[in-house]
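K.L.:
Mind folding the following:
(one chain, ligands or ions: 1)
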Amino acid sequence: MGTIQFSLASKTYPGGVLALENVDFTVGEGEFVALLGPSGCGKSTLLNLIAGFEKLSGGQMSFNGDAVAKPGPDRGVVFQEASLLPWLNVWENVVFGPKVQKTPRDIYEPRAREILRIMGLEAFHEALPVQLSGGMRQRVGIARALVMQPKALLMDEPFGALDAQTRLSMQELLLDIWQSLKTTVLFVTHDIDEAILLADRVCVMTARPGRITREIPIDIPRPRSINTLTSGDFTTYKAMIMAEMRGLHAQH
Ligand SMILES: Nc1ncnc2c1ncn2[C@@H]1O[C@H](COP(=O)(O)OP(=O)(O)OP(=O)(O)O)[C@@H](O)[C@H]1O
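P.N.:
Sure, this is the predicted structure:
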């Protein structure tokens, strides 16, 4: 469960911007795939399509084999800014989704407690979003997605607004979570290091029109940590991807 499939997918926005053209792209069950590319190449468009926020203009896409018509709790979405309700505390933010879904309290309460423990937010149930750091707010955002037990996590530059140190610790936390949950992850980033550190496969995108030009399996053993960033394998992948992106840039 959790497979994502695009086949000859195209997206033209009103006004005629061709954001994606003939994209063939698959994410397998439990796979961690990073979409990497410069600003404006269509990464967010691809993610918003499978999330059900946007409609395809041509081709097909499916989630678990079913055509995607609208957003659903089987796809958890995490954006750069955690979308928290500012008037609710951490606990209330996390249980908001299950309550709306009418999940019984005796089911969602232990689940929310466990997720907040994993996210290191045990002591912050009562805190309001405004009282938290950016990294902590983002941890609440991820907890809100996970509490719905999604089959896939769709993450759009989730650590893009964080300082370098916080970003590294969030990357390690995500690696830990994924290692135990094995949820399918589609992760949008323009950071090469982040893509290699996290993903099983890095898909490089180019702009105008958005297309995936190369898919690079990352054969670095897991569990990975920030030490991975200084390994020989890592440097080899980085050089390969930088060369690919430089080549693409030269063509435009
Ligand atoms: N709602 C919209 N209406 C019109 N054009 C849009 C819309 N959303 C995105 N675009 C255009 O589609 C193209 C792809 O945008 P998209 O946001 O998917 O790229 P991206 O790779 O995610 O960029 P970034 O890294 O800056 O978020 C861009 O040229 C953008 O201007």
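
K.L.:
For the top helix by length along the chain, buried residues please.
P.N.:
Longest helix in the chain by number of residues (criterion: DSSP state H): helix 232-251. For helix 232-251, the neighbour count (16 or more other C-beta atoms under 10 Å) marks Phe234, Tyr237, Ile241, Glu244, Met245, Leu248 as buried. Every residue, glycine included, has its C-beta placed from N, CA and C.

K.L.:
Kindly report the same for stretch 187-199.
P.N.:
Judged by neighbour count (16+ other C-beta under 10 Å), stretch 187-199 contains these buried residues: 187-199.

K.L.:
Can you tell me which of those residues lies closest to the ligand?
P.N.:
The ligand lies nearest to His190 out of these, by C-beta to the nearest ligand atom, at 5.5 Å.

K.L.:
what's next to stretch 222-236, contact-wise?
P.N.:
Residues from elsewhere that reach stretch 222-236 (C-beta atoms under 8 Å, 6 or more residues apart in numbering): Leu168, Gln171, Glu172, Leu175, Asp176, Gln179, Asp193, Ile196, Leu197, Leu198, Asp219, Ile220.

K.L.:
If we use 10 Å, what do you get?
P.N.:
Around stretch 222-236, the neighbours that count as contacts under C-beta atoms under 10 Å, 6 or more residues apart in numbering are 32, 168-169, 171-172, 175-176, 178-179, 193-194, 196-198, 200, 218-221, 237-238.

K.L.:
Quickly find the element holding the residue of the chain most remote from its centre.
P.N.:
Largest separation from the mean C-alpha position in the chain: Asp106, at 29.0 Å (C-alpha atoms, centre = their mean). Following DSSP states H and E, the helix or strand that holds Asp106 is helix 105-118.

K.L.:
Next SSE downstream of that helix?
P.N.:
helix 134-146.

K.L.:
now the angle from the next helix-or-strand element following that next one to helix 134-146?
P.N.:
Per DSSP H and E, the first helix or strand lying C-terminal to helix 134-146 is strand 152-156. For strand 152-156 against helix 134-146, the angle between stretch directions is 150 degrees (axes from the mean of the first three to the mean of the last three C-alpha atoms, to 10 degrees).
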